[in-house]
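[1] Predicted structure and sequence below. I'll ask about it afterward.
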There are 2 protein chains.
Amino acid sequence: MATIRDVARHAGVSISTVSLALNGTGPVSEETRARIDAAVAAVRYTPNLMAQNLKRGQSKLVGMVLGDAANPFFGRLFGTIDKHISGHEHMLIVANLASDPDRELRTLTLLKRHRVAGIIMTPLRNDPEFAAHLNELDVPVVLVDQDVDGTALDFVTSDHRRGAEMLTEYLARLGHRRIAYVGGQRNMWVAERRLEGFRSAMAEAGLEVDPELEIVADYSADLAYENVMRLMSSPGRPTAILAANNYMAIGALQAVNDLGFRCPDDVSIAGIDVVAWSSIVMPRITTVEQPIDELARVASLWMMEHVRGEAERDGERRCHVAEPKLVIGHSCAPPPK
Amino acid sequence: MATIRDVARHAGVSISTVSLALNGTGPVSEETRARIDAAVAAVRYTPNLMAQNLKRGQSKLVGMVLGDAANPFFGRLFGTIDKHISGHEHMLIVANLASDPDRELRTLTLLKRHRVAGIIMTPLRNDPEFAAHLNELDVPVVLVDQDVDGTALDFVTSDHRRGAEMLTEYLARLGHRRIAYVGGQRNMWVAERRLEGFRSAMAEAGLEVDPELEIVADYSADLAYENVMRLMSSPGRPTAILAANNYMAIGALQAVNDLGFRCPDDVSIAGIDVVAWSSIVMPRITTVEQPIDELARVASLWMMEHVRGEAERDGERRCHVAEPKLVIGHSCAPPPK
DNA sequence: CGATCCTATCGAAACGGTTCGATATCAATG
DNA sequence: CATTGATATCGAACCGTTTCGATAGGATCG
């Protein structure tokens, strides 16, 4: 592959002159510039970014770590962030965790080896060991969606607790008293917030939570399916089900259908974060949506500030909490008599 | 950030010894190795991959160009390819075209500047100018999903033509005679193949295609919605609709619902490539699925062969055509009397 | 006319690594 | 004892750039 040396030789000038001409830094005569341009085309020169970055001591790469690329939430998040980042002649180098927390640390150090200018990540782990690593990483990081306790990193999320509250309140107002909650892993930040929201809204509505109806289904459609099957087959079955993410909502709906119940006539279903894409799921599921575009915009903005060195590190971490939006579908109705 | 020089100084050895020890190339005494390891930990050394790659003349980066990251098809494709690639201490550097063909060329040259070891891409454009650029790129490329005529690049796809045929045959066997086809842009490779499949299966079944019922909706749910609204409001409305991708299938179903028709009682709907994720769309849409895992596996395999220099370039391009799978849902029935 | 200041160009030193060809030490060999 | 051959370590060149300081040839000025 052609190097700057080839261009210089072909144009009959020195290497430094080529560099000055190509980068527009330093004065170059019209004539020389023309010869250089011709040479570039002749030898098909493409500047080596690795060499440029090495020399300049900065990289035009921004790392992005996704919790689960197959989930449309992350797909849209990535797409929108990419739109913002790649405008500034930067590129995203993306790693997918495939929901496997063990890959998280390895991925981060690999990105650091690449000397990325910064990392935007949706973390999975939330434990002191991980927080310690994050703090020692020495690369600007913006967390999205999920927090890691014990770090002072910029953090962009939506109000997961409020989202769960909104749906719970909605179900309670419809008259439901036995509401089942199908939630994610107990040790995950987002799952905790959503569970809090559910419980607080239940308390607020004067309803008590039956421990039997509080399920942990690890964000998996299959586990949700099994649990809802069991729940709906038992005598004290709920009249409404709140699922804490899109996959589990789908699993729940499937289970309800397969048992011959009808939604919303026999049982109401609401799901958090059931992405717009599934809006024609029939019945359309009542949900709270995260404002993905807003999350992506703020995260990208903050990241670019870090990259440009504009982020005034006054010790205070920045947090942006976006408001989720209640989208009423046709999956909820008053409980059957 | 600590460099190899710092490690050397801290351990009291030369730079080259550190390099030899860390890479396991060349003999290093137990004692020295221990001192070096200690020094690495002490100064928190992380090798600079840009420098390593520059010197070694190779990069551990593989480029991936996605047609539309927000579409779950690409999300799953990316996730699965990443799983294969990142096993070999490589990383994926991903760019999203957001369905904008104009970004395609720029993205490719940017990836080349990064000296990626290869590029896996789902192209949008299919024209001679683009093919020429691709041929001159001088970077190993594996095309996925969509072909570019006039190149000799490795190509992994599924049998789009056959997929459309299967669905058309299925609808014809159910007794439908007026089948509408909602297709993608006419200049796109995949769209052409699917249209061919539709027409050939129609001919095979002895049905004629009403030009009025052959819609171009650019893979957009909105356009499909509008067109199906129009179609279903006209006197000669079809009894079945075949949509050429997931978005358009959703648009079509929505339109049918909004007009008060019932699917499949009043009209049957089948869609190509309606991803598993939407399997609980009610009624579950009859579809042909692309074997994404297979596509990803073959593409990754071939890419790694290129990266390792094992690809015997004997002039012949490699093509892998996977068989799509007919998944029968509940969205199709015999036409109403 | 010598000093001064642009303008255009160049050489050389980095950037952070790898790697090849020394060199030094020491035990084994003839 | 002089060779030989490992073994362990090092110095220096190089990968493809950028960039700083130097140089040289005018034009401008007092």
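    Everything's here; your move.

[2] Going by residue numbers, what spans are helices in chain A?
    Along chain A, counting by DSSP state H, helices occupy A:4-11, A:15-23, A:30-43, A:49-56, A:72-85, A:102-113, A:128-136, A:160-173, A:189-204, A:221-233, A:246-258, A:292-307.

[3] elements contacting the second one?
    Secondary structure elements in contact with helix A:15-23, counted by 3 or more C-beta pairs under 8 Å, 6 or more residues apart in numbering or on different chains; DSSP states H and E, are helix A:4-11, helix A:30-43. Yep, even glycine has a C-beta here, placed from its N, CA and C like the rest.

[4] that older thread, quick one: which of the helices of chain A has the weakest pLDDT on average?
    Ranked by mean pLDDT, the helices of chain A end with helix A:246-258 at the bottom, a mean of 88.

[5] Show me which positions of that helix end up buried.
    A:246-256 (16 or more other C-beta atoms under 10 Å in any protein chain shown).

[6] Nearest to DNA strand D among the residues you listed?
    residue A:246 (45.6 Å; C-beta to the nearest atom of the strand).

[7] Let me know whether the closest one touches residue A:274 as I believe.
    Yes: Residue A:246 is in contact with residue A:274 according to C-beta atoms under 8 Å; the separation is 4.6 Å.

[8] about what we covered before: ranking the helices and strands packed on helix A:15-23 by burial, who's on top?
    helix A:4-11 (a mean of 19; mean count of other C-beta atoms under 10 Å in any protein chain shown).

[9] which residues touch the closest residue to residue A:300 other than its chain neighbours?
    Closest residue to residue A:300 apart from its sequence neighbours, by C-beta to C-beta, 6 or more residues apart in numbering or on different chains: residue A:84 at 3.5 Å. Each residue near residue A:84 by C-beta atoms under 8 Å, 6 or more residues apart in numbering or on different chains is listed here: A:296-297, A:300-301, A:304.

[10] Repeat that for residue A:236.
    Counting by C-beta under 8 Å, 6+ apart, residue A:236 touches A:178, A:210, A:212.

[11] Ok, which of the helices of chain A comes nearest residue B:96?
    Nearest of those to residue B:96, taken as C-beta to C-beta: helix A:72-85 at 4.4 Å.

[12] How far does the closest one sit from its chain's centre?
    8 Å (C-alpha atoms, centre = their mean, to the nearest Å).

[13] Could I have the CA atoms of that helix written out in CSV?
    In CSV, the C-alpha atoms belonging to helix A:72-85 read as follows (Å, rounded to 0.1, in the frame of the first residue of the first chain):
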residue,chain,number,x,y,z
PRO,A,72,-33.7,-3.8,19.2
PHE,A,73,-33.2,-1.3,22.0
PHE,A,74,-29.5,-1.5,21.7
GLY,A,75,-29.7,-1.5,17.9
ARG,A,76,-31.5,1.7,17.9
LEU,A,77,-29.3,3.2,20.6
PHE,A,78,-26.2,2.3,18.6
GLY,A,79,-27.7,3.6,15.3
THR,A,80,-28.5,6.9,16.8
ILE,A,81,-25.2,7.3,18.7
ASP,A,82,-23.4,6.4,15.5
LYS,A,83,-25.3,9.1,13.6
HIS,A,84,-24.0,11.7,16.1
ILE,A,85,-20.5,10.5,16.5
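
[14] just the angle between it and helix A:292-307, please?
    50 degrees (axes from the mean of the first three to the mean of the last three C-alpha atoms, to 10 degrees).

[15] Make sure residue A:248 is actually in contact with residue A:219.
    Yes: judged on C-beta under 8 Å, residue A:248 makes contact with residue A:219 at a distance of 6.4 Å.

[16] what residues do those two have in common as contacts?
    In contact with both residue A:248 and residue A:219: residue A:184, using C-beta under 8 Å, 6+ apart.

[17] still on that earlier bit, may I see the helices and strands packed on helix A:15-23 organised as a markdown table, with distance to residue A:270 added?
    Formatted as a markdown table, those follow (distance: least, C-beta to C-beta, whole Å):
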| stretch | distance to residue A:270 |
| --- | --- |
| helix A:4-11 | 61 |
| helix A:30-43 | 60 |
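
[18] Please report how far the closest residue in space to residue A:166 that isn't next to it in sequence lies from chain B.
    Once flanking residues are discounted, residue A:166 sits nearest to residue A:326: 4.9 Å by C-beta to C-beta, 6+ apart. Going from residue A:326 to chain B by C-beta to the nearest C-beta, to the nearest Å gives 21 Å.

[19] pLDDT value on residue A:326, please?
    Looking at residue A:326, its pLDDT reads 94.

[20] Could you double-check that it sits in contact with residue A:170?
    Yes: at 6.8 Å, residue A:326 counts as touching residue A:170 under the criterion of C-beta under 8 Å.

[21] quick one, which of these two is more surrounded?
    A count of neighbours by other C-beta atoms under 10 Å in any protein chain shown puts residue A:170 above the other of residue A:326 and residue A:170, at 20 against 16.

[22] what residues are up against that one?
    So residue A:170 contacts A:270, A:286, A:326, A:328, A:332 (C-beta under 8 Å, 6+ apart).

[23] Take those residues and keep only those in strands.
    A:270, A:286, A:326 (DSSP state E).

[24] DNA strand D contacts on the stretch 51-200 of chain A?
    A:51-52, A:54-56 (C-beta under 7 Å from any atom of the strand).

[25] restrict those to those near DNA strand C?
    A:51, A:54-55.

[26] just those now: which is nearest DNA strand C?
    Set against DNA strand C, the nearest of those by C-beta to the nearest atom of the strand is residue A:55 (3.6 Å).

[27] what's the burial count for the closest one?
    Applying other C-beta under 10 Å, we find 11 residues neighbouring residue A:55.

[28] Ok, residue A:336 next?
    That count, for residue A:336 with other C-beta under 10 Å as the rule, works out to 11.

[29] ok, now how distant is it from residue A:261?
    Distance of residue A:336 to residue A:261, computed by C-beta to C-beta, to the nearest Å: 10 Å.

[30] Please report the distance of the closest residue to residue A:232 other than its chain neighbours from DNA strand C.
    Nearest residue to residue A:232 in three dimensions, chain neighbours excluded: residue A:259, at 5.4 Å (C-beta to C-beta, 6+ apart). From residue A:259 across to DNA strand C, the span is 60 Å (C-beta to the nearest atom of the strand, to the nearest Å).

[31] okay, now residue A:259: neighbour count?
    For residue A:259, using other C-beta under 10 Å, the count is 14.

[32] now swap in residue A:235 and tell me
    4.

[33] same question, residue A:135
    14.

[34] One more: the one 5 residues further on?
    The criterion is other C-beta under 10 Å. On that basis, residue A:140 has 21 neighbouring residues.

[35] residues in contact with it?
    By C-beta under 8 Å, 6+ apart, the neighbours of residue A:140 are A:117-119, A:303, A:306-307, A:311.

[36] next one: residue A:2
    A:43-46.

[37] Return the member of those nearest to residue A:149.
    residue A:46 (45.2 Å).

[38] so what's that closest one scoring on pLDDT?
    Reported pLDDT for residue A:46: 96.

[39] Now for residue A:326 and residue A:170: what residues contact both?
    With C-beta under 8 Å, 6+ apart as the test, residue A:326 and residue A:170 both reach residue A:286.

[40] Now do the residue of the stretch 101-250 of chain A found nearest DNA strand D, the pLDDT please.
    Nearest residue of the stretch 101-250 of chain A to DNA strand D, counting by C-beta to the nearest atom of the strand: residue A:115, 13.4 Å away. pLDDT recorded at residue A:115 is 95.

[41] Report the separation between residue A:79 and DNA strand D.
    Separation of residue A:79 from DNA strand D (C-beta to the nearest atom of the strand): 30 Å.

[42] nearest spatial neighbour of that residue, skipping sequence neighbours?
    residue B:69 (3.6 Å).

[43] any idea how far residue B:99 is from that neighbour?
    Distance from residue B:69 to residue B:99, by C-beta to C-beta: 10 Å.

[44] the more surrounded of those two?
    Neighbour count, other C-beta under 10 Å: between residue B:69 and residue B:99, residue B:69 has more, with 28 against 16.
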